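Engineer: Provide a 3D model corresponding to the input given below.
(chains A, B and C)
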Amino acid sequence: MEDFTEDVLAFVETVPPGRVVTYGLVADVLGRGGPRQVGRTMALEGPAVPWWRVVRANGTLPAHLMTDAQARWRTEGTPVVRGRVDVARALWTPDA
DNA sequence: CGTGTGACTGGGC
DNA sequence: GGCCCAGCCACAC
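Structural biologist: Numbers count the residues shown, from 1 in each chain, chains lettered A, B, ... in the order given. Just a heads-up that it's a prediction; the model follows:
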């Protein structure tokens, strides 16, 4: 099987601008791993992909990333409410 | 091969 | 709205 890391990065790259996916969704789509593994992978390889398109289930990200992420969401036109992603409207899935 | 650790999540109080 | 807890699995030691 492929490296978990490669799978995560490959999937994140397929997320279109203005849309986001949650950590749990990534793990679910890959069919393995879990939210924490996805998060750990992003912490290591995040800089190599559009990491701001991967958010927590509540539409936020760790404090040290919020500032940068908000600027990018604004640039891409991602649905944001009170500083956090409106997951209900922005969530993206390879199927839908 | 056992342990600790983590950009998480969902449920309970 | 918040805090705590248990489950999750890949990776480094």
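
Engineer: What residues sit buried inside stretch A:21-32?
Structural biologist: A:21-23, A:25-30 (16 or more other Cβ atoms under 10 Å). Backbone N, C-alpha and C define where each C-beta goes, glycine included.

Engineer: which residues are in contact with it?
Structural biologist: Under the criterion Cβ atoms under 8 Å, 6 or more residues apart in numbering, residues A:4, A:7-8, A:11-12, A:15, A:33-39, A:42, A:53-57, A:87, A:91-94 lie in contact with stretch A:21-32.

Engineer: and if we set it to 6 Å?
Structural biologist: Under the contact criterion Cβ atoms under 6 Å, 6 or more residues apart in numbering, stretch A:21-32 has outside partners A:7, A:11, A:15, A:33-35, A:38-39, A:54, A:57, A:92.

Engineer: CA atoms only for it, dumped as PDB, please.
Structural biologist: What follows is stretch A:21-32, C-alpha atoms only, in PDB (Å, rounded to 0.1, in the frame of the first residue of the first chain):
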ATOM      1  CA  VAL A  21     -12.500  19.200   4.000                       C
ATOM      2  CA  THR A  22     -12.300  18.200   7.600                       C
ATOM      3  CA  TYR A  23      -9.600  16.000   9.100                       C
ATOM      4  CA  GLY A  24     -12.100  13.300   9.800                       C
ATOM      5  CA  LEU A  25     -13.300  13.400   6.200                       C
ATOM      6  CA  VAL A  26      -9.800  13.000   4.800                       C
ATOM      7  CA  ALA A  27      -9.300   9.900   7.000                       C
ATOM      8  CA  ASP A  28     -12.700   8.600   5.900                       C
ATOM      9  CA  VAL A  29     -12.000   9.100   2.200                       C
ATOM     10  CA  LEU A  30      -8.700   7.400   2.400                       C
ATOM     11  CA  GLY A  31     -10.400   4.600   4.100                       C
ATOM     12  CA  ARG A  32      -7.700   4.400   6.800                       C
END
